[in-house]
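Q: structure for this input, please:
(chains A and B)
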Protein chains: 2
Amino acid sequence: MTLSPTPRSTVRRGKARVETDRAVLHEILDAGLVCHLAVVVDGTPVVLPTGYGRDGDVLYLHGSTGARTMREASAGAPVCVAVTHVDGVVYARSSFHHSMNYRSAVVHGVAVPAADPEHALRVLTEHLAPGSWDHARRPAPRELAATAVLALDLTEASVKVRTGPPGDDEADVEANTAWAGVLPLRAVWGEPLPASDLAVPPHVLSRAR
Amino acid sequence: MTLSPTPRSTVRRGKARVETDRAVLHEILDAGLVCHLAVVVDGTPVVLPTGYGRDGDVLYLHGSTGARTMREASAGAPVCVAVTHVDGVVYARSSFHHSMNYRSAVVHGVAVPAADPEHALRVLTEHLAPGSWDHARRPAPRELAATAVLALDLTEASVKVRTGPPGDDEADVEANTAWAGVLPLRAVWGEPLPASDLAVPPHVLSRAR
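A: Predicted coordinates:
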């Protein structure tokens, strides 16, 4: 299945880095923990880090019912959501060609209240902490009421990916006066820090390994 | 020096997590590689990952002269910039109190073309790849002309930080039926991947260690 760009989701810069495979969009979203959710408030942009989870081609967004971005989005304001992973710094022979390796997804649309908030919260919880929905106490009615969960369709999305070595000018390669290469960057889990005297359960242990 | 909140940069949710020390703002910005830059285009928000660097209380933003967000921002449209670090997943006894440990900075303002683009590019290069400005070939005039560098004052900024264990309800702590704690997450450098036959220079090696 491919991404069908609209005018708004058509990438204008760096077309060589555009991915049109929907599976890549899903991978990028699934690999992140926070998205950056942008809305317009009084004519000016507001962007805030926001928790999310994905179910098929629906992105669930999750925040306090009082957060400004969530409030505006709940009221039907257009939103834009970005998830970005930096995979490395690209050192080039020229400062101009220095770059980053990255995976980036940007989604445009209008979010709507999740039709089934409990299902949406399950998706969000399992995205943040796989295994926690079955392990921890489930949301009470008053907790469900205090949480805004929005659903954003992934129809209008674009993906850019940069991988590999620097794209130096030939003259700089021939001059051979500066090192070039990639310094990879990745996110790693540390050892669990228990706040409880119970043994660290397998769903947490297996993530940290 | 403290952050003096304006109505727009006053954090409304989670006041306990607000930091008002400007040094914390600087630390959060200095620890990141990409920001998320939001502008309004035709009434709808657009947010894109963007390279940046900081010099004192000025944030330099860097992108192609053709990128839509940079183009709108260059023309004086209000911008919002967010830099977020996720430091861990907070596992709580209830799904409701699951959370993340994070450090987040959000800046509002109007960006202006950098008065001294070469200085700004030096700041951006040294932020992305410390040591590269002196090591690699400096920008040629045509390269300087192809790069939009904007300066955004850090006057209107807010910072939120969450650290520590979950904030569970007492009844859930007493029930003691679910594990709780923090699974730390951090970004680590890998081994340099050379694209050049020159030895990996100290400014790259020291970063990876």
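
Q: just give me the residue right at the centre of chain A.
A: For chain A, the residue nearest the mean C-alpha position is A:Val83 (2.7 Å; CA atoms, centre = their mean).

Q: and that one, what are its bridge partners?
A: Counting by DSSP bridges, A:Val83 forms beta bridges with A:Ala105.

Q: tell me who's in contact with A:Ala178.
A: Neighbouring residues of A:Ala178 by CB atoms under 8 Å, 6 or more residues apart in numbering or on different chains: A:92-94, A:172, B:135-137, B:196, B:198. Using the backbone N, CA and C atoms, a C-beta is placed for each residue, glycine as well.

Q: give me the element A:Pro45 is part of.
A: If you go by DSSP states H and E, A:Pro45 is part of strand A:44-55.

Q: using CSV, write out every CA atom in the next helix or strand after that strand.
A: Counting by DSSP H and E, the next helix or strand C-terminal to strand A:44-55 is strand A:58-64. C-alpha atoms of strand A:58-64 as CSV (Å, rounded to 0.1, in the frame of the first residue of the first chain):
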residue,chain,number,x,y,z
VAL,A,58,-5.4,5.6,12.8
LEU,A,59,-3.1,7.6,15.1
TYR,A,60,-4.5,8.1,18.6
LEU,A,61,-3.3,11.3,20.4
HIS,A,62,-3.5,11.6,24.1
GLY,A,63,-3.3,14.5,26.5
SER,A,64,-5.0,16.3,29.3
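
Q: for strand A:58-64, name the packing helices and strands.
A: strand A:34-41, strand A:44-55, helix A:68-74, strand A:78-91, helix A:117-128, strand A:147-153 (3 or more CB pairs under 8 Å, 6 or more residues apart in numbering or on different chains; DSSP states H and E).

Q: returning to that earlier point: what's the angle from the strand holding A:Pro45 to strand B:44-55?
A: Between strand A:44-55 and strand B:44-55, the angle comes out at 110 degrees (axes from the mean of the first three to the mean of the last three CA atoms, to 10 degrees).

Q: which regions of chain A sit below the pLDDT cut-off?
A: Where chain A drops to pLDDT under 70, the residues are A:1-19, A:64-65.

Q: I'd say the residue nearest to the centre of chain A and A:Leu29 touch.
A: Yes - between A:Val83 and A:Leu29 there is a contact under CB atoms under 8 Å: 5.6 Å.

Q: which neighbours do these two have in common?
A: By CB under 8 Å, 6+ apart, the residues touching both A:Val83 and A:Leu29 are A:35, A:52, A:105.

Q: can you tell me which of these is nearest A:Arg122?
A: Closest approach between those and A:Arg122, by CB to CB: A:Tyr52, at 13.5 Å.

Q: contact partners for A:His36?
A: Going by CB under 8 Å, 6+ apart, A:His36 touches A:47-50, A:81-84, B:36, B:38, B:47, B:82, B:84.

Q: got the contacts of A:Ala178 as TSV, with distance to A:Asp21, secondary structure and neighbour count columns?
A: Compiled in TSV, the contacts of A:Ala178 are given as follows (distance: CB to CB, whole Å; DSSP: H, G, I helix; E, B strand; the rest coil; neighbours: other CB atoms under 10 Å in any protein chain shown):
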residue	distance to A:Asp21	secondary structure	neighbour count
A:Ala92	28	coil	26
A:Arg93	32	coil	26
A:Ser94	32	strand	21
A:Asp172	33	helix	19
B:His135	37	helix	19
B:Ala136	34	coil	25
B:Arg137	36	strand	19
B:Ser196	32	coil	20
B:Leu198	36	coil	14
